[in-house]
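Q: What follows is a predicted protein model with its sequence.
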Amino acid sequence: MNDRSRRRSLVTGVTSAPYQLWAVLFILVPLAFVAYYAFTDNAFHFTTANIARFFTATSPVTDAGGSPVQVRTYMVIAWRSVKLAVIATAVCLLLGYPLAYIISRAPAKVQKTMMTLIMIPMWMNFLIRTYAWMTILQDTGILNNLLAALHLRRVHIIGTQTAVIIGMVYDYLPYMILPLYSIMAKMDHRLIEAARDLGCAPAGVLRRVILPLSMPGVVNGVTMVLIPSISTFYISQKLGDGMFFLLGDAIEGQYVAGNLHFAAAIAFILMVALLAAMALMRRLTGKYTYGGAAA
Amino acid sequence: MKKASKVFTVLMFAFLFAPIAILLLFSFNEARSLSVFSGFSLKWYRELFRDTETLKTVRNTLVLAVCAAGISTVMGTAAAVGIHRMRNKYLRSALDMVTNIPMIDPDIITGISMMLMFVFVSRLLGLANSLSFATLLIAHITFCLPYVILQVLPKLRQMDASLPEAAMDLGCTPWGAFWKVELPELMPAIVTGMIMAFTLSLDDFVISYFTTGTGFQTLPIRIYNMTKKTVTPDMYALATLIFFVILALLLLSNLTDREDSQRIRAARKARRAAKGRPPMSPRRQRALYTAGGALVLAALTASLIFAVTETDDKPQVLNVYNWGEYISDGSEGTMDVVAEFERWYQRQYGRPVQVNYTTFASNEDMYAKLSSGAVSYDVIIPSDYMIARMISEDMLLPLDLANIPNAQYISEDFQGLYYDPEGVYSVPYAYGIVGIIYNANVVDPADAGTWDLLWNEKYAGQILQFNNSRDAFGTAMYRAGLDVNTTDRAVWDDALDSLMEQRGVVRSYVMDEVYNMMEAGEAAVAPYYAGDYFTMLDAQAPTVDLRFYYPDPTNFYIDAMCIPACCQNKTLAETFINFMLSAGPAIANAEYTYYASPNTLVYEDPDYIDEMGPEAMEILYPGWDDFARQYNAYAYRNLDAETLDYINTLWETLKIN
C-alpha cells in the first residue's frame, strides 16, 4: 500500500470513531441488559430456564382432525411470525422492485416528486393509518360498499392472513422502495443499452444486468422490511381480528404479565436468529454487496 | 413510460394513498367515528387549533425528529465512510452486524433496555430525574443510525473507487477528494437516509414512551395513549393538514427547481463538452447542500437551546400522569380543567403554577416508568389493583386529607374498599362496570341479560371478546360463578376450557377497535364499559341499534388519584386533587369521559343529571345497595407473579389454537 492511500484511510478511517463509541454505549450496552435479563430469574440469579422455556414449552391444541395434540408453543408462534413476515417481504419486493425501476427511469423532477409521494403516507401516524385500513377492509367497510355498488360479490378480508399482509406491505413498502431506488438511480443505464444492443432478451437483461447491479438495494430492502415485520404486533391485532398471535404479541404479553425476564429471553433469541439469518444472506449475496456491483 | 408501467404506477399510488383519503374524509365527520360518516363538519379542525396540549406535542415531535435526523445523518454518513474504508475485515463485519441490532430488537425491548441503562447509569452518577429530552434524543438517534448507514454503505460500494484516486492524482487532498467527489455522489443516499430517519423518529411511540422524561410527550405517544377510549378525529384533521403542507412544499420546490435545473443542465453540457467526461456535481448544487446543512444545524441549535431553557422558566411545576382521554380538555365547549386549575391557582395564591399533563396507556406501562425511579410525578391516577400493588411496594404517599377537604363529598359507598381499606392513599376519580353491548337489530333481546350471550351460537361470527387475558378470562369466570382472583390453577383451566369453547363463535379479539366494529354493525355483541357504550351510541350507523345491560355478577373497577413517593411538592399535589374534586371540574370530567363519578357533587347535581339524561343515569348509576361488598367480591386484585404467568400461558394456548 502506498503512502498516500494509507494517509487517506487514516484520515477517513477515524470518521467512524464516533459511531463506534455510540454503538458500544447505546447499542451493545442495552443489548447486554437484554442478555442479562434473559439469563436471570426474578431474583437476578443466573438461569437458562427462560431460554429453555422458549424451546420446550408446550400447549394442547386441537389439530385439523379434531383430536388433541401437544405442540411447542413458541415454535408455533415463531413459525407463524416468520411465515407472515417472509410473505410480506416477498410481496414488498415484487411490488417495490418494478416501481423503483420505473421511478428511476423517469425524468429527474418526476423522480423527486414520486419519491416524496411515497414517503408522505409514512408521515401520518402509524396507528391512525392502520385504523384507516380497518375502515377500508371491514365487511361493512369502504371496499365492500364499493364492490356492492358495482354489483360485485362482497369479500371477507378483515381478520384473514391477507388483511395482515396488506397491512404489513402498506407500512413497510417505502422501506423496500427507498434503498432500491437509491441504487437504481445511480445505475449505469449504458450497460442495459449495451446488453440490449448485443441482443440480450428483456428477461436476460433483467436477470444478467439489472438484477446484479441492484442487488445491494435488494439486500437492504429485504432487511429493512423483514426485520420490523417479524416483531410487529399492532398490525396483526388490528387487521387480524386478534386471531394472529405473533412473536411481538408474545413479548408484549409477557411484559404486561410482569415477566420481563422471559420477554427479554424471547427478544434475545429472536435477535440471535435474525443476526444469523442476515449473516447468511450477506454471505450468499456477498459477491454483490462487497465485491463491487457486477462482479 | 409504457402503458403497463403507467397503470402499475397509478395502482401503486392508489394503494399508498387509499388510507390517506379515508383520513381526509373522516376528518370532516360530524361524529367521533372512523367507520360511520354521519355528516359534514369542520369542528375537528377547530378542536385541533384550540387544543394546546396536542399542538405542544406536535412541536415536541418536530423538534425531536429534526434533531434526531440531523445528528444521525451526519454521524451515520461518517460511520459508513469509515466502515467502508476499514481494512480490518473482522471489525468491519462486526460493525455491520452491530448496526443491524437496533432494527431487530422489538420496540418494547429496545425501549425498556434503554430505560434500564439510563436509570442504571444515572444512579451510578447520582443524578436525579435522569430521563429527559436528552435520553429520548439518544434513543432516537440510536434507532435512526442503522437506516442512514444502510443507505450510504451500498452506495459507497457501488461507487467507482478510481474517482477519488483520480482526484488525488490531480492534486486534491484526501479531504478535498471526499468533499468534492465522493460526497456529491453519495448525496442522494444521504438524503434518503435522512428522510428515513426523520420519518422513523416522527412515528415512534414505544421507545419514546420508555425513554422520555417527566412531562415531555410526543404526538405518537399522545395518540397511542388515547386508545383506551377512541382516537379523537382532530388527529385525522392533523394528518390531513400535514399531508397538504407537505404537498404544498413539494409543489413549491418543483416550481423553483425548474429554472435551476435548466441552468444546471446547461452548465453540465458545457463542461461535458469541455472535458469530454461525465461532469462533477455543479458548485451551485454544493452551495445549496451547504445552505441546507447550515439550516439544519441552526434549527438543531435553536431547538436544543429551546429544549434546555424551557424547563426552568416557571417557579412551580406540577406533573400529572393520567390515562389518555381521561380529563375534560376543553374540546367542544367543555372546561379545560388543566388550564382552569392554573388560572384558579394564580387567583387564589397569587403565584403561577405550570401543570405538565402527560398520559399513559396502561397501568403496567405507568408502573414500569414510575418504578424505574427516573421520573418524578406529583399526581397519578392508576386503577385499583395497581394501587394495591404500589401501596405494598411503598410507592405511594399517605394523603393529608386536611388539604383535601372536598374528599368529604365522595360517596360513603367508596369506603372500606380492598385496595386502600382506610382510604389513606387514594381518592376515587371514576369507576366503571363491565356490561354487554349488543345490536338490537341483530340480537333477539330475549337472548340478552346474561353472560351466555357471548357464547350464543346463534350469533357466531358476530361476537367480540376482550383482547387481553385478564378481562377475557374474567368473562368466562363470572359466567361460571368462579372467583376471578383465585390462585387455584384448576379453576383457571376450567375458564380456559370455556374460552376455547367460545373461540368458535368469536368474530374478533378486540380492545379499542370495539368502537369502530360496534358502531358500523361489523359485530353485534361485545363486552365493554358502560361509559364507552354512550360514546358508541353517539356514532352508531343508521342500521345499528345498540343496547346495553349488566350481566350478574360482573367486573367493577375504580381509578383513583394518588401521590407517588417521587412527588416533589406534596401540598401542591393535594391542592390539585382537591380542585379536581370540586363541583365544576368534577362535573366537567364526568361529562367528558362518560364514566360514573363517585363524587356526590357530580351525580346529585341537577344540571349534570339533566345533561346526561335518564337512560345514561340509570346505566351509569344503577343504585347498587351495597357497592363496597359487591366491589370487594368481584373486582380484580393484584395476583402473584406465578399466577399471572400461568394465566398468560393459558392465554397463549387459546391464541395459538
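A: Good, I have the coordinates. Numbers count the residues shown, from 1 in each chain, chains lettered A, B, ... in the order given.

Q: check contacts around B:Ser605.
A: Not Ser; residue B:605 is Asp. Residues near B:Asp605 by Cβ atoms under 8 Å, 6 or more residues apart in numbering or on different chains: B:Ala583, B:Ile587. All C-beta spots, glycine's among them, are computed from the backbone N, C-alpha and C.

Q: if we go to 6 Å?
A: Taking Cβ atoms under 6 Å, 6 or more residues apart in numbering or on different chains, we find B:Asp605 in contact with B:Ile587.

Q: Also B:Phe534?
A: Residues near B:Phe534 by Cβ under 6 Å, 6+ apart: B:Tyr594, B:Ala616.

Q: what's the helix or strand for it?
A: helix B:530-539 (DSSP states H and E).

Q: For that helix, the averaged confidence score.
A: What helix B:530-539 shows for mean pLDDT is 89.

Q: same deal with stretch B:190-204?
A: The average pLDDT within stretch B:190-204 is 88.

Q: Name the residues that touch it?
A: A:119, A:122-123, A:126, A:178, A:182, B:65, B:68-69, B:72-73, B:77, B:140, B:144, B:147-148, B:151-152, B:220.

Q: Check the spacing between A:Ser182 and chain B real quick.
A: Using Cβ to the nearest Cβ, to the nearest Å, A:Ser182 is found at 5 Å from chain B.

Q: Tell me if I'm right that that residue and B:Glu185 touch.
A: No: here A:Ser182 lies out of contact with B:Glu185, judged by Cβ atoms under 6 Å, at a distance of 11.6 Å.

Q: of those two, who's got more company?
A: A:Ser182 (27 against 19; other Cβ atoms under 10 Å in any protein chain shown).

Q: Look up which helix or strand B:Pro428 falls in, please.
A: strand B:426-439.

Q: Assign a three-state SS to the residue in the stretch 501-650 of chain B positioned nearest to chain A, would you?
A: For the stretch 501-650 of chain B, the residue closest to chain A is B:Tyr509, as judged by Cβ to the nearest Cβ, at 2.9 Å. Counting by DSSP: H, G, I helix; E, B strand; the rest coil, the backbone at B:Tyr509 sits in strand.

Q: Tell me, how many residues neighbour it?
A: As a burial measure, B:Tyr509 scores 21 neighbours (other Cβ under 10 Å).

Q: ok, now which ones touch it?
A: A:Gly242, B:Gln465, B:Asn467.

Q: Out of those residues, show me where the pLDDT dips lowest.
A: Ranked by pLDDT, the contacts of B:Tyr509 bottom out at A:Gly242, which has 88.

Q: so what's the nearest residue to that one once chain neighbours are set aside bridging to?
A: In this structure, A:Gly242 finds its nearest non-sequential neighbour in B:Tyr509, 2.9 Å apart by Cβ to Cβ, 6 or more residues apart in numbering or on different chains. Beta bridges link B:Tyr509 to B:Gln465 when assigned by DSSP bridges.

Q: Can you tell me how far B:Tyr509 is from A:Asp63?
A: Per Cβ to Cβ, to the nearest Å, B:Tyr509 is found 22 Å from A:Asp63.

Q: ditto for A:Thr162
A: Using Cβ to Cβ, one gets 24 Å for the distance from A:Thr162 to A:Asp63.

Q: same thing with B:Tyr533?
A: 40 Å.

Q: likewise A:Lys109?
A: Counting by Cβ to Cβ, the gap from A:Lys109 to A:Asp63 is 58 Å.

Q: For the two, indicate the residue with more neighbours.
A: A side-by-side neighbour count of A:Lys109 and A:Asp63, using other Cβ under 10 Å, places A:Lys109 first with 13 against 10.

Q: Which helix or strand contains that one?
A: helix A:108-119.

Q: who's in contact with that helix?
A: Contacts to helix A:108-119, defined as Cβ under 6 Å, 6+ apart, come from residues A:Ile103, A:Pro174, A:Ile177, B:Ile195, B:Leu250.

Q: just these now: which is nearest B:Trp455?
A: Top of the list for closeness to B:Trp455, among the contacts of helix A:108-119 and by Cβ to Cβ, is A:Pro174 at 43.6 Å.

Q: Share the number of residues neighbouring the residue in the stretch 51-200 of chain A positioned nearest to chain B, please.
A: Residue nearest to chain B within the stretch 51-200 of chain A (Cβ to the nearest Cβ): A:Ala132, separated by 3.5 Å. For A:Ala132, the neighbour count with other Cβ under 10 Å is 26.

Q: can you pull the contacts of the closest residue to it other than its chain neighbours?
A: If the residues on either side of it in the chain are set aside, A:Ala132 comes closest to B:Pro19, at 3.5 Å by Cβ to Cβ, 6+ apart. B:Pro19 makes contact with A:Arg129, A:Ala132, A:Trp133, according to Cβ under 6 Å, 6+ apart.

Q: Where does B:Pro19 sit: helix, strand or coil?
A: helix.

Q: Check it and give its pLDDT.
A: So, for B:Pro19, pLDDT stands at 92.

Q: Give the phi and psi angles for the closest residue to chain B within the stretch 101-250 of chain A, as a check.
A: With Cβ to the nearest Cβ, the shortest gap between the stretch 101-250 of chain A and chain B falls at A:Gly242, namely 2.9 Å. With angles defined as degrees, to the nearest 10, A:Gly242 sits at phi 70, psi 20.

Q: these two touch, right, it and B:Phe466?
A: No: counting by Cβ under 6 Å, A:Gly242 sits too far from B:Phe466 to count as a contact (9.2 Å).

Q: For those two, indicate the residue with more neighbours.
A: A:Gly242 (25 against 20).

Q: Among the contacts of helix A:108-119, which one lies nearest to A:Ile51?
A: A:Pro174 (35.4 Å).

Q: tell me which element that closest one falls in.
A: Going by DSSP H and E, A:Pro174 is part of helix A:161-184.

Q: centre of the chain versus that helix, how much separation?
A: 8 Å (Cα atoms, centre = their mean, to the nearest Å).

Q: Check stretch B:474-493 too.
A: For stretch B:474-493, the distance to the chain centre is 32 Å (Cα atoms, centre = their mean).

Q: And chain A, is it touching that?
A: No: counting by Cβ under 6 Å from any Cβ of the partner chain, chain A has no neighbours in stretch B:474-493; the shortest distance is 10.4 Å.

Q: Give me the buried positions along that stretch.
A: B:Gly474, B:Thr475, B:Ala476, B:Met477, B:Tyr478, B:Arg479, B:Leu482, B:Val484, B:Asn485, B:Val491, B:Trp492 (16 or more other Cβ atoms under 10 Å in any protein chain shown).

Q: for stretch B:495-507, same thing?
A: So, applying 16+ other Cβ under 10 Å, buried residues of stretch B:495-507: B:Ala495, B:Leu496, B:Ser498, B:Leu499, B:Met500, B:Gln502, B:Val505, B:Val506, B:Arg507.

Q: In helices, which of the residues you listed fall?
A: B:Ala495, B:Leu496, B:Ser498, B:Leu499, B:Met500, B:Gln502 (DSSP state H).

Q: could you redo those as a markdown table and give each row pLDDT and distance to B:Leu654?
A: As requested, these are exported to a markdown table (pLDDT from 0 to 100; distance: Cβ to Cβ, whole Å):
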| residue | pLDDT | distance to B:Leu654 |
| --- | --- | --- |
| B:Ala495 | 96 | 10 |
| B:Leu496 | 96 | 6 |
| B:Ser498 | 96 | 10 |
| B:Leu499 | 96 | 5 |
| B:Met500 | 94 | 6 |
| B:Gln502 | 96 | 9 |
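
Q: The one residue in the stretch 1-150 of chain B that gets nearest to chain A: what's its closest spatial neighbour, skipping adjacent residues?
A: Proximity of the stretch 1-150 of chain B to chain A (Cβ to the nearest Cβ) peaks at B:Gly82, 2.3 Å away. Excluding the flanking residues, the one nearest B:Gly82 by Cβ to Cβ, 6+ apart is A:Ser16, at 2.3 Å.
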